[in-house]
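Participant: Here's a sequence, model it:
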Amino acid sequence: MKRTYEVYLSIERKARPTSRPTSLTTPVSAVQDTTTVNGNSLKGLPSLVGMKEWLQSLGHSDNAVNGLNVIHVSGTKGKGSTCAFTRSFLRAHSVRTGLPKKIGLYTGPHLQCVRERIQIDDHPVAEELFTRYFFEVWDRIMPADIELDAGVAKQPRYLQFLALLAFHTFIKEEVDAAIFEVHHGGEYDATNVIRNPVVTGITSLGMDHVAQLGPTIETIAWHKAGIFKPGAPAFSVTQDPGPAEVMQKRALDKGTTLTFVSANECLPTDGRVLSVPVQRLNCSLALELTKAFLRTKTPGHTLSDADIYHGVQSFRLTGRFEIIDEGKLQWFVDGAHNVLSLEQTAEWFARNVNNEQKCRALVFSHLSEERDGVALVRSLAHTLFKNKVKPGHVIFTTYQEKDGDPIGNKACKGNRGSRRWNASPCYGELIHGWWNTQPSEGIIVAYT
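Facilitator: A predicted model of the protein is given here:
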């Protein structure tokens, strides 16, 4: 097999999961812990199992992982933004002082190419470097003719492999600060192979991944707080009393301190970045994580006011509250994928749209079998309606490639009054969900 980026892409297309599991996996013998929180029995997805052994097969010890100087971030909403803000603050400090010298970021999901998940100093890893490290990992832990996620217990699944690739890349490239975003959960997440992080953080919590993490916000909090480690200070944005109590107990049990962070009113007020309240909260958490990191790893160094200002101004995160100006067009782009995040996205859009004469079109895509797409659509429609925003056109995009089986071949036809549409059954449900909340004449389904 050739070791080229094109060959990697072929492997990745076969390996990419179509959906997440909708129930807890069969317990693995290496994960025996069952913990009760408010009467709920918890057992997380054992994606952590095997990570240490695979890292060892790559020649990486616990000390090598610890040497990355990890900032570990969990939570339901805002993980990617918090990680990106943290990277931005560290980078601003590095430009001024030279420390840290090289910053790694492992995040997800990616929007255009998988290399976005593994970044060094503000940029995705280059194709040549990515290809080299991918096949170094592949050749050592994947037997011939075995694909990722092939169902063989001894082989890493898709996200496990990506985490291994990130660790391998950062160790080989000798980064001296690494920010790791949890996939989901925390206690049993593949990234929780990190035994000695410098600092940990938890973003806002919500009811997401309940099939894996449990049916209540308290059980979810238990999992998220699983990244806490002895001696590594922990920070969290302010939480509701129930999950906050669970997290405090977890911090005590794990031998660390937990500090709750509210929105920092001293952050810069100009520019688009912090005009969204939730982004100000994410930025505030990132600021505390960065300060804690510098106190531990660079004694005597602190973030200056200029560092903070430049960190905020240089923040970039594609697809998160992003505004793109393209001639006379203005795109408002956000990858929200749960009800609470969608409500915030709709509020953000409504605040920025103040010209009643402009034509507005909503483009919505729902690709998850795990989440309730109709609930997402209704939430979005309701929030826009509440803010007196009515799109002139609503476009539901499919994940079906245009050169594949035409969507019309699998179409269900429906009508609402004089309206008609052709869509797969799930898109018919989404259309009904939108129509029942905010009737619109211009609803269509289009190829991605």
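
Participant: and the protein, what are its domains?
Facilitator: 5-15+24-313, 322-446 (automatic domain parsing).

Participant: Just name the most buried of those.
Facilitator: Using mean count of other C-beta atoms under 10 Å, the stretch among the domains of the chain with the greatest mean number of neighbours is domain 5-15+24-313 (a mean of 19). (Each C-beta comes from the backbone N, C-alpha and C, glycine too.)

Participant: Report all helices and strands that the top helix by length along the chain contacts.
Facilitator: When secondary structure is assigned using DSSP state H, the longest helix within the chain turns out to be helix 277-297. Using 3 or more C-beta pairs under 8 Å, 6 or more residues apart in numbering; DSSP states H and E as the contact criterion, the elements in contact with helix 277-297 are strand 70-74, helix 79-97, strand 199-202, strand 234-237, strand 258-261.

Participant: The third one packs against which elements?
Facilitator: Taking 3+ C-beta pairs under 8 Å, 6+ apart as the contact definition, the neighbouring helices and strands of strand 199-202 are strand 70-74, strand 234-237, helix 277-297.

Participant: mind listing what that strand pairs with, with the direction of each?
Facilitator: Strand 199-202 pairs in its sheet with strand 70-74 (parallel), strand 234-237 (parallel), by DSSP bridges.

Participant: So in the chain, where's the weakest helix or strand by average pLDDT?
Facilitator: Taking mean pLDDT, DSSP states H and E as the measure, the helix or strand of the chain with the lowest value is strand 412-416, at a mean of 32.

Participant: what about Q155, which SS state?
Facilitator: At Q155 the chain is in coil, as set by DSSP: H, G, I helix; E, B strand; the rest coil.

Participant: Might one say that it is in contact with M142?
Facilitator: Yes. With contact defined as C-beta atoms under 8 Å, Q155 reaches M142; the gap is 6.2 Å.

Participant: so where is this protein shaky, pLDDT-wise?
Facilitator: 17-45, 144-153, 271, 355-357, 367-370, 399-427, 440-441, 446-448 (pLDDT under 70).

Participant: all helices for it, in order.
Facilitator: Read by DSSP H, the chain holds these helices, from start to end of the chain: 5-15, 51-57, 62-66, 79-97, 127-141, 158-172, 210-213, 217-224, 241-253, 277-297, 305-313, 339-352, 373-386, 425-437.

Participant: can you tell which of these is closest to H110?
Facilitator: Shortest separation from H110 across the helices of the chain is recorded for helix 158-172, at 9.5 Å, computed as C-beta to C-beta.

Participant: now that closest one against strand 70-74, angle please.
Facilitator: Regarding helix 158-172 and strand 70-74, their directions subtend 160 degrees when assessed with axes from the mean of the first three to the mean of the last three C-alpha atoms, to 10 degrees.

Participant: between helix 158-172 and helix 5-15, how many degrees?
Facilitator: 150 degrees.

Participant: Take the helices of the chain and lay them out in CSV including distance to L362.
Facilitator: Below are the helices of the chain laid out as CSV (distance: least, C-beta to C-beta, whole Å):
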stretch, distance to L362
helix 5-15, 29
helix 51-57, 40
helix 62-66, 44
helix 79-97, 22
helix 127-141, 35
helix 158-172, 30
helix 210-213, 27
helix 217-224, 30
helix 241-253, 32
helix 277-297, 20
helix 305-313, 29
helix 339-352, 9
helix 373-386, 8
helix 425-437, 9
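
Participant: Looking at the ones you listed, which is nearest to Y188?
Facilitator: When the helices of the chain are compared for distance to Y188 using C-beta to C-beta, the nearest one is helix 217-224, at 7.4 Å.

Participant: possible to save the strands paired with strand 199-202 as TSV with distance to A84?
Facilitator: Written out in TSV, the entries for those read as follows (distance: least, C-beta to C-beta, whole Å):
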stretch	distance to A84
strand 70-74	10
strand 234-237	15
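
Participant: between those, which gets nearest to V210?
Facilitator: The closest of the strands paired with strand 199-202 to V210 is strand 70-74. By C-beta to C-beta, the value is 15.9 Å.

Participant: Show residues contacting the closest one.
Facilitator: Outside strand 70-74, the residues within contact range by C-beta atoms under 8 Å, 6 or more residues apart in numbering are 79, 82-83, 86, 177-182, 185-186, 189, 191-192, 194, 196-203, 224-227, 289, 293.

Participant: If we use 6 Å, what do you get?
Facilitator: Taking C-beta atoms under 6 Å, 6 or more residues apart in numbering as the criterion, the residues outside strand 70-74 that touch it are 79, 82-83, 86, 178-182, 186, 194, 197, 199-202, 224, 227, 289, 293.

Participant: Likewise for stretch 128-144?
Facilitator: Contacts for stretch 128-144 (C-beta under 6 Å, 6+ apart): R3, Y5, Y8, W54, S57, L58, R115, L164, L165, H168, T169.

Participant: Please report how far the second one lies from K297.
Facilitator: Here Y5 is placed at a distance of 34 Å from K297 (C-beta to C-beta, to the nearest Å).

Participant: next one: the fifth one
Facilitator: Here the criterion is C-beta to C-beta. By it, S57 lies 29 Å from K297.
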